[in-house]
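S.K.: What follows is a predicted structure for the sequence shown.
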Amino acid sequence: MEKPEIWLSFAPELHLFVAAARRAGRSAVRTDGVSTLGHVVESLGVPLTEAGALLVGGRPVPVSHVPGDGDEVTVLAVPRPQPLPGPPRFLLDVHLGTLARRLRLLGVDAAYESVDIGDAALATRSAAEQRVMLSRDRGLLHRRELWAGAYVYSHRPPEQLRDVLSRFAPPLAPWTRCTACNGTLREAAKESVHEQLQDGTERAYDAFAQCTDCGQVYWRGAHHASLNAIVEESLREFGSPGPAEVLP
Ligand SMILES: [Zn+2]
């Protein structure tokens, strides 16, 4: 029996994943007649985390659709902002440490381990803690166990931050989270953090916050002007600040 031939076209956002010959308009694929459309799309290089609606003849079909001969398939990109089945929490792979610290600076829950625990362990943690796996590793994003995942399109941290904020629109609450460990900050009396302060700091500042997990102490002057700029810029573009800042 002749194998079905189908026609696929991909949204421009997905062109980086597919072979050059598939970027200009539609192109033909022979399928085996039993594979799902989700499998076909993945086998052409597109992680399903990045695929939005799948259309056949202009009508949406599930990823489990088995394409038949002559199907005209359009693969759209995920909508922005992308709805999630739960609160926006993230898990970042070992290459995205700067992005993790910037998300935390904005109060976004961003788990990150500085050692490579491997794809299987990352996927398991994403599922167990219901975190969106952020990565530039397509192989990792193909893993079935992931609760949710997203490809990070740029290798530059400023663009990575804008990518994640525009894609998931997490509520922003700057200065409420520890940039070192992702713990939450609480207000701290000067006397209680006295031992961790240098003389100059103690004289110059009165408002302090402390991480409830690792004990790290923060004050406004501890943040370099460039971090303030990241906060200001992100709030201007993406924010609605969330809960009150811990650091006054
Ligand atoms: Zn901490």
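M.R.: Everything's here; your move.
S.K.: hmm, who's touching stretch 111-129?
M.R.: Stretch 111-129 has contacts (CB atoms under 8 Å, 6 or more residues apart in numbering) with 89-94, 96-97, 100, 131-133, 135, 137, 139-140, 143, 145-149, 182. Where you see a C-beta, it was placed from the backbone N, CA and C, and this is true even at glycine.
S.K.: show me the contacts for Gly149.
M.R.: Remark: with contacts taken as CB under 8 Å, 6+ apart, Gly149 is in contact with Pro47, Thr49, Ser126, Val132, Met133, Leu134, Ser135, Leu140, Leu141, Arg143.
S.K.: repeat that for 7 Å
M.R.: Taking CB atoms under 7 Å, 6 or more residues apart in numbering, we find Gly149 in contact with Thr49, Val132, Met133, Leu141.
S.K.: one step back: so of the contacts of stretch 111-129, which ones are in helices?
M.R.: Mapping the contacts of stretch 111-129 onto helices (DSSP state H) picks out Gly97, Ala100, Gly139, Leu140.
S.K.: residue ranges for the strands of this structure, please.
M.R.: Along the chain, counting by DSSP state E, strands occupy 5-10, 27-30, 51-56, 59-61, 72-77, 90-92, 110-112, 132-135, 148-151, 185-188, 208-211, 217-218.
S.K.: For these, give me TSV that also has distance to Pro157 and mean pLDDT.
M.R.: As requested, the strands of the chain are arranged in TSV below (distance: least, CB to CB, whole Å; pLDDT from 0 to 100):
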stretch	distance to Pro157	mean pLDDT
strand 5-10	27	98
strand 27-30	35	96
strand 51-56	26	97
strand 59-61	35	98
strand 72-77	22	98
strand 90-92	11	98
strand 110-112	13	97
strand 132-135	12	98
strand 148-151	16	98
strand 185-188	22	94
strand 208-211	22	94
strand 217-218	21	91
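S.K.: got TSV for those strands, with distance to the ion too?
M.R.: Putting the strands of the chain into TSV (distance: least, CB to the ion, whole Å) gives the following:
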stretch	distance to the ion
strand 5-10	42
strand 27-30	49
strand 51-56	36
strand 59-61	44
strand 72-77	36
strand 90-92	16
strand 110-112	12
strand 132-135	20
strand 148-151	25
strand 185-188	8
strand 208-211	3
strand 217-218	9
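S.K.: nearest to Pro174, of these?
M.R.: The stretch from these with the least distance to Pro174 (CB to CB) is strand 185-188; that distance is 10.7 Å.
S.K.: Determine the set of other helices and strands touching the closest one.
M.R.: Taking 3 or more CB pairs under 7 Å, 6 or more residues apart in numbering; DSSP states H and E as the contact definition, the neighbouring helices and strands of strand 185-188 are strand 208-211.
S.K.: got the buried residues for the strand it packs on?
M.R.: Judged by neighbour count (16 or more other CB atoms under 10 Å), strand 208-211 contains these buried residues: Phe208, Ala209, Gln210, Cys211.
S.K.: what about Leu99, neighbour count?
M.R.: Look at Leu99: counted by other CB atoms under 10 Å, it has 25 neighbours.
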